[in-house]
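> Requesting a structural model of the entry that follows:
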Amino acid sequence: MNPILLTDYYKVHHWRMYPQGTTMIYSNLTARKSRMKGVDSIVFFGLQHFVHKYLQGKFQTDFFDRKWEDVEEEYKFAINTSTEHIKALHELGYLPIQIKAVPEGTRVPIRVPCMTIRNTKSEFYWLTNYLETLLSCQMWQPITSATIAAEYWKILSKYAKETTGSDDGVQWQGHDFSMRGMSSVESGILSGMGHLTSFTGTDCIPAIYALRKSYKGEGLIGGSVPATEHSVMCMGTKDDEVGTFSKLLDLYPTGILSVVSDTWDLWKVLTEYLPALKEKILGRDGKLVIRPDSGDPVDIICGLTENQYVIDRDDQIHPSESIRKGVVELLWDTFGGTVNKQGYKVLDSHIGAIYGDSITLERAEQICERLKAKGFASTNVVLGVGSFTYQYNTRDTFGFAVKATYGECWESPCNGLRCYENEDIFNDTGLDIDMCTDGCVRAQPVGREIWKDPITDDGTKKSLKGLIRVERNVLGDLVAFDQQTWEQEGKGMLETVYLDGKIVKEYSLEEIRKHIKSEL
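The predicted model follows:
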């Protein structure tokens, strides 16, 4: 689609609503409020992909490179208004805007702007906030998912260090299973890229390619392993599930193999089928990963605590010893392992577990804590992070908004009264202030600090004023300063990344991952 149409309807008339003589609109993207408990900052990520795909990609191929007659026809099909300003942009041949931002991967506190955007040519003052819809639509999800992924990393890294002495391998412990549950392929890619800023485990193949293209992704961007689904197990039949396991082990004699194991009876798999195949499993050059997929993930993986019990589907209290022990302990009973220097049990390297259904940050921490309490290293299990985590969010999860805080407009020093300059006289008869301003040779563009502060709001929507600078304080935290001069605005953490149709600053995936880890 022609990207000039990727906006809200109400945006198309704003170019004529600004005061006559407007020459600049300066806006920022800010996360204004966190609705995630304990998370008071966001990971800034996704701008470079947005610039590559839309500002340089679609705007060039689907707008500037096309005939004006075709562009105009599409525009007028949906929008019954003048196209002169759109035609002027088309003739210019590039987007006259400047985008400044903190480095991608930076932790930005709530209410501190992570980027600013303004027009660079006075006649395109309307373009800054015309792009708001597209910018907001494309940016909130990768930022939100990158932020959530970093929270998973913090949890898994903390427990890995406590129970193994290192967080080596944690990059594979959080695995993205979310794509099938996302609202679209594009949302799957945007979120999937965000996940891969902290982890390398993913089943979202297109996210890998998007990072390769937009972020110079090289080497290990992301990956997965051979894994079954329920249709495979069902076709093998319930009566010969152990035969299906055996066949799969023959089919994949080396490497990691993940097998969904709760198609019928998870506990029978763990206590009958795996013991029967023990020698075959231990004889492989690789790891068999058992994947339960239903039930309470904390209880399934870790077993029950002393005062817990399970009520089965017939409303009977279930006395099963297998349920009491849970997956990890049952695997230990069959395959054993080692006790590391920290005193925690680590399963034999030929066997492991993954749980990929209904995992949340809270459940991830509960699983790690319960395993630790039972004497098992948290790294004995991989957690599949799905769409419940990554799709169950909106722009309001962190209150993202693109708002203007500064503008410039031509103003006459005579305020519409008599003005003498080079013998030109503007009298006040029949002329309003705007007409005088528009024609007055003494008029100059004057900066206006603009802001919003709704009296009916709790303060969340109160914006900064004027030009903005973002700096680190003595504690290393980012803080925002408003009402800045242009000289002050030019300093600090906000660096120009896009200017007049060209990318002038880029980050690699490796750099972004390092930024994120350095600030956890």
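
> Buried residues of the helix or strand hosting residue 483, list them for me.
Element membership for residue 483, per DSSP states H and E: strand 478-484. For strand 478-484, a neighbour-count test (16 or more other C-beta atoms under 10 Å) marks 478, 480-482, 484 as buried. (Each C-beta comes from the backbone N, C-alpha and C, glycine too.)

> what's the average pLDDT for that strand?
Strand 478-484 shows a mean pLDDT of 96.

> Please list the residues outside that strand that contact it.
When contacts are defined by C-beta atoms under 8 Å, 6 or more residues apart in numbering, strand 478-484 is touched by residues 102, 106-109, 111-113, 405, 449, 464-473, 488, 492-493.

> Can you say which of these are buried?
Among the contacts of strand 478-484, those buried by neighbour count (16+ other C-beta under 10 Å) are 102, 106-109, 111-113, 405, 464-470, 492-493.

> Just give me the closest of the buried residues of strand 478-484 to residue 270.
residue 478 (48.4 Å; C-beta to C-beta).

> Which residue is the nearest non-sequential neighbour of the closest one?
Nearest residue to residue 478 in three dimensions, chain neighbours excluded: residue 112, at 5.1 Å (C-beta to C-beta, 6 or more residues apart in numbering).

> For residue 41, see how far away that neighbour is.
8 Å (C-beta to C-beta, to the nearest Å).

> residues contacting the residue nearest to the spatial centre of the chain?
In the chain, the C-alpha nearest the mean C-alpha coordinate belongs to residue 142, at 2.1 Å (C-alpha atoms, centre = their mean). By C-beta under 8 Å, 6+ apart, the contact list for residue 142 reads 45-46, 49, 190-191, 193-194.

> With residue 127 instead?
Taking C-beta under 8 Å, 6+ apart as the test, what residue 127 contacts is 89, 95-97, 119.

> Please report phi then psi for it.
phi -70, psi -30 (degrees, to the nearest 10).

> I'd like the distance from it to residue 520, if you could.
37 Å.

> now residue 16
48 Å.

> Same check on residue 205?
Counting by C-beta to C-beta, the gap from residue 205 to residue 520 is 27 Å.

> How far away from the center of its chain is the strand ranked longest in the chain?
For the chain, the strand that runs over the most residues, judged by DSSP state E, is strand 400-411. Mean C-alpha position of strand 400-411 versus that of the full chain (C-alpha atoms, centre = their mean, to the nearest Å) differs by 26 Å.

> do the same with stretch 169-185
12 Å.

> can you give me the strands in the stretch 351-500 of the chain?
For the stretch 351-500 of the chain, applying DSSP state E, counting those that start in this stretch gives strands covering 351-355, 381-385, 400-411, 419-421, 424-426, 444-449, 467-472, 478-484, 495-499.

> the inter-axis angle of the longest one versus strand 444-449?
The directions of strand 400-411 and strand 444-449 differ by 150 degrees, with axes from the mean of the first three to the mean of the last three C-alpha atoms, to 10 degrees as the criterion.

> ok, now the second one?
Between strand 381-385 and strand 444-449, the angle formed by their directions is 130 degrees, by the same axes, to 10 degrees.

> Run through who's touching strand 381-385.
149, 152, 156, 172-178, 195, 201, 289, 301, 327-328, 352-357, 359, 364, 367, 371.

> Let me know the helix or strand that the nearest residue to residue 276 once chain neighbours are set aside is in.
The spatial neighbour of residue 276 that comes closest, neighbours along the chain excluded (C-beta to C-beta, 6+ apart), is residue 242 at 6.1 Å. Element membership for residue 242 (DSSP H and E) is helix 241-251.

> helices or strands next to the very next helix or strand once past that helix in the packing?
Using DSSP H and E, the helix or strand that directly follows helix 241-251 along the chain is strand 257-260. Identification of packing neighbours for strand 257-260 by 3 or more C-beta pairs under 8 Å, 6 or more residues apart in numbering; DSSP states H and E yields helix 230-235, helix 241-251, strand 288-291.

> and the last one, which strands flank it?
When pairs are called by DSSP bridges, strand 288-291 turns out to pair with strand 257-260 (parallel), strand 351-355 (parallel).

> helix or strand right after that strand?
Assigned by DSSP H and E, the successor of strand 288-291 is helix 297-302.

> quick one: the longest helix belonging to the chain to chain centroid distance?
In the chain, taking DSSP state H as the definition, the longest helix is helix 132-164. With C-alpha atoms, centre = their mean as the basis, helix 132-164 stands 7 Å off its chain's centre.

> Kindly report the same for stretch 221-236.
Counting by C-alpha atoms, centre = their mean, stretch 221-236 comes out at 26 Å from the chain centroid.

> Quick check: buried residues in it?
221-222, 224-225, 227-228, 233, 236.

> Of those residues, which is the nearest to residue 82?
residue 221 (46.0 Å).

> and the closest residue in space to that closest one that isn't next to it in sequence, what does it touch?
Once flanking residues are discounted, residue 221 sits nearest to residue 208: 4.8 Å by C-beta to C-beta, 6+ apart. Applying C-beta under 8 Å, 6+ apart to residue 208 gives the contacts 196, 202, 217, 221-223.

> please redo it, this time with the cut-off set to 7 Å
Taking C-beta atoms under 7 Å, 6 or more residues apart in numbering, we find residue 208 in contact with 202, 221-222.

> Could you list the domains of the protein?
3-130+400-459+461-518, 169-387 (automatic domain parsing).

> Count the neighbours of residue 42 for me.
Here the number of neighbours of residue 42 (other C-beta atoms under 10 Å) works out to 28.

> And what about it, helix, strand or coil?
strand (DSSP: H, G, I helix; E, B strand; the rest coil).

> And the residue nearest to residue 237 when sequence neighbours are not counted, how close does it get to residue 355?
Counting by C-beta to C-beta, 6+ apart, the nearest residue to residue 237 once its immediate chain neighbours are dropped is residue 244, at 7.8 Å. Residue 244 sits 20 Å away from residue 355, going by C-beta to C-beta.

> Now for residue 498: which residues touch it?
Residue 498 neighbours (C-beta under 7 Å, 6+ apart): 51, 55, 99, 504.

> quick one: residue 216 and residue 508 touch, right?
Yes - if you go by C-beta atoms under 7 Å, residue 216 and residue 508 touch, sitting 4.4 Å apart.

> okay, and the common contacts of those two?
Counting by C-beta under 7 Å, 6+ apart, nothing touches both residue 216 and residue 508.
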